[in-house]
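*Asks:* sequence? don't have it. structure:
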C-alpha cells in the first residue's frame, strides 16, 4: 500500500514508499535539513537523532543565482535508516553546499558520486578534497566540516555511527580503548577495497527499495551486513589505526582468541554458550567474534564444534574403545547422531562409523599376532632358564 502526504510548507513534498525509503523533494536548499527531518515517519524518528539532520546548514552554492532563478533548484532525497545506518540518495539540479555546526552526532559519512562532483574541506584545512565517480569522499561529522556538490549531481551517502566502528576496531586490535577513527578523506571506488564498498552500498540501496528485503525483516541478516561493511571499511580503507592493524596482521592470534581456544578444548564436552566462552577469554561477545573471524576465519562456536569433532575422533581411535557411536557423539556435545555423522564426514571426508570400525579392526588384528618375547624378561635370562630346568 502506498502512503503519500504533501506539505507546501518549506516548499517540499514527501512520499513514504514501499520498502524503507522516504522520498522527498525540496525546492529551497536553505530548508533541506529541517524538511528532511520533518518528512520522516514517527517510527523512524524514534531511532534517529534530530541533530544528525539539524547540524547540517544547507545553502545554494551561488546565493545570487538562487535569488535570480529559484525555480531551477530542486533537491531529491531518498532516505532510510537500517539498524544503526542512515542511507541517503541525493540528486541536486543546482549546486548546493552545507557546513556542519554544533551540536553534531559522532559519525563517519561515506559519499559515492553517481554523476557530477563535489568538494570537501575538513576542519583546520584549506585544501579541498575532490569527489567524482572515480573518487569517493569520507568525512567525520565534526563541526566546521564544509562540503559542496555540483550542478546535476547524484550521490549515495551512508552515515555510520562512530561508536560501533570504534568498538569493532578495539576488537580487531585486542588492545586499548579506541576513541576515534579518522579515515583518509578520499578513496577509489573503482578498484580494490573501495570497489567492494561501492558494491556493498549499491546492494544496500537496491535492497532498501523492496519491502520484502531480507535485510528489513531478519535481524541476523542485518547484523551480518553491518558487520561485513564495518570490517570492509576498517580493513580496506586507510585510517589513523591502519598501521596498528597491519602490524597485528603479521603477529600471532591475540590473547582473547588463544584463551577462548584453551577454554573450549578443556570444556568441549560441556554445553558451552558464547557468553561463557567470551567471559573466559576476557572480552565481549562481539569482540571475540570479530577476532575469530579475522584470525581463524570462523566463529567461536564453529571453533568449538571443530574441537568437539577432533576430540570425538581421538576417542574413536583410542585402543580398547568399546562405546557405541551414539554414546561417543553424545559425550562430546552432539545429541543428534545424524547431525554428528554429517558434520564428521564433511570435516574428515570419512564417516565416523568407518573410523570406529578401523580402530577396532586394528586392535583385533593386534590381539591375533604372536606375542613377542620381551627383551630383558625371564624368558631371555639364562640364569632363569637354568633354575627352571633344575626344578623339573
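*Replies:* Sure, I can see it. Bear in mind the structure is a predicted one, so any value in this text is a computation, not a measurement.
*Asks:* Pull the contacting residues for residue 289.
*Replies:* 171, 274, 299, 300 (C-beta atoms under 8 Å, 6 or more residues apart in numbering). Every residue, glycine included, has its C-beta placed from N, CA and C.
*Asks:* Show only the entries of these found in helices.
*Replies:* Counting by DSSP state H, the contacts of residue 289 place 171, 274, 300 in helices.
*Asks:* Please list only the buried members of those.
*Replies:* Those of the ones in helices among the contacts of residue 289 that meet the buried threshold are 171, 300, by 16 or more other C-beta atoms under 10 Å.
*Asks:* which of the ones in helices among the contacts of residue 289 lies closest to residue 116?
*Replies:* Using C-beta to C-beta, residue 171 comes nearest to residue 116 of the ones in helices among the contacts of residue 289, at 37.5 Å.
*Asks:* Distance check, the nearest residue to the closest one once chain neighbours are set aside against residue 243.
*Replies:* Leaving aside its sequence neighbours, residue 171 sits nearest to residue 287 (C-beta to C-beta, 6 or more residues apart in numbering; 3.5 Å). Distance from residue 287 to residue 243, counting by C-beta to C-beta, to the nearest Å: 21 Å.
*Asks:* coming back round to it: redo the ones in helices among the contacts of residue 289 as TSV? Include pLDDT and distance to residue 189.
*Replies:* Converted to TSV, these look like this (pLDDT from 0 to 100; distance: C-beta to C-beta, whole Å):
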residue	pLDDT	distance to residue 189
171	80	26
274	93	35
300	94	33
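*Asks:* which neighbours does the host helix or strand of residue 155 have in its sheet, and in what orientation?
*Replies:* Assigned by DSSP states H and E, residue 155 falls within strand 153-161. Note on strand 153-161: by DSSP bridges, its sheet partners are strand 85-92 (antiparallel), strand 107-115 (antiparallel).
*Asks:* closest one to residue 321 among those?
*Replies:* strand 85-92 (52.9 Å).
*Asks:* Distance from the chain centre to that closest one, please.
*Replies:* How far strand 85-92 lies from its chain's middle: 22 Å, per C-alpha atoms, centre = their mean, to the nearest Å.
*Asks:* so what strands line up beside the next helix or strand after it?
*Replies:* Downstream of strand 85-92, the first helix or strand assigned by DSSP H and E is strand 96-100. Within its sheet, strand 96-100 is paired with strand 56-60 (antiparallel), strand 146-149 (antiparallel), according to DSSP bridges.
*Asks:* which of the ones you listed sits most buried?
*Replies:* Greatest average neighbour count among those goes to strand 146-149 (a mean of 21), per mean count of other C-beta atoms under 10 Å.
*Asks:* Next, find the distance separating the residue most central in space within the chain from residue 290.
*Replies:* Centroid check for the chain by C-alpha atoms, centre = their mean gives residue 227 as the closest residue, at 1.6 Å. From residue 227 across to residue 290, the span is 8 Å (C-beta to C-beta).
*Asks:* anything in contact with each of those two?
*Replies:* The contact sets of residue 227 and residue 290 overlap at residue 168 (C-beta under 8 Å, 6+ apart).
*Asks:* which of the residues in the strand holding residue 155 are buried?
*Replies:* Under 16+ other C-beta under 10 Å, the buried positions of strand 153-161 are 153, 154, 155, 156, 157, 158, 159, 160, 161.
*Asks:* Nearest to residue 123 among those?
*Replies:* Nearest member of the buried residues of strand 153-161 to residue 123, counting by C-beta to C-beta, is residue 159, at 17.7 Å.
*Asks:* Name the nearest residue to that closest one, sequence neighbours excluded.
*Replies:* residue 86 is the one closest to residue 159 (C-beta to C-beta, 6+ apart), at 4.1 Å.
*Asks:* Model confidence score at the one you found, please.
*Replies:* Note on residue 86: pLDDT of 89.
*Asks:* Go ahead and confirm it touches residue 79.
*Replies:* Yes: assessed by C-beta atoms under 8 Å, residue 86 is found in contact with residue 79 at 7.5 Å.
*Asks:* Find the nearest non-adjacent residue to residue 236, please.
*Replies:* residue 193 (2.6 Å).
*Asks:* what about that neighbour, how many residues close to it?
*Replies:* By the other C-beta atoms under 10 Å criterion, the neighbourhood of residue 193 contains 16 residues.
*Asks:* and the host helix or strand of residue 204, average pLDDT?
*Replies:* In the assignment (DSSP H and E), residue 204 maps to helix 192-208. Average pLDDT, helix 192-208: 93.
*Asks:* how about that helix: buried residues?
*Replies:* Under 16+ other C-beta under 10 Å, the buried positions of helix 192-208 are 193, 194, 196, 197, 198, 200, 201, 204, 205, 207, 208.
*Asks:* Would you mind confirming that residue 159 makes contact with residue 111?
*Replies:* No: counting by C-beta under 8 Å, residue 159 does not reach residue 111; the two are 9.8 Å apart.
*Asks:* Turn the buried residues of helix 192-208 into a markdown table, including distance to residue 326.
*Replies:* Shown next, in a markdown table, are the buried residues of helix 192-208 (distance: C-beta to C-beta, whole Å):
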| residue | distance to residue 326 |
| --- | --- |
| 193 | 48 |
| 194 | 52 |
| 196 | 46 |
| 197 | 48 |
| 198 | 51 |
| 200 | 45 |
| 201 | 50 |
| 204 | 46 |
| 205 | 51 |
| 207 | 44 |
| 208 | 48 |
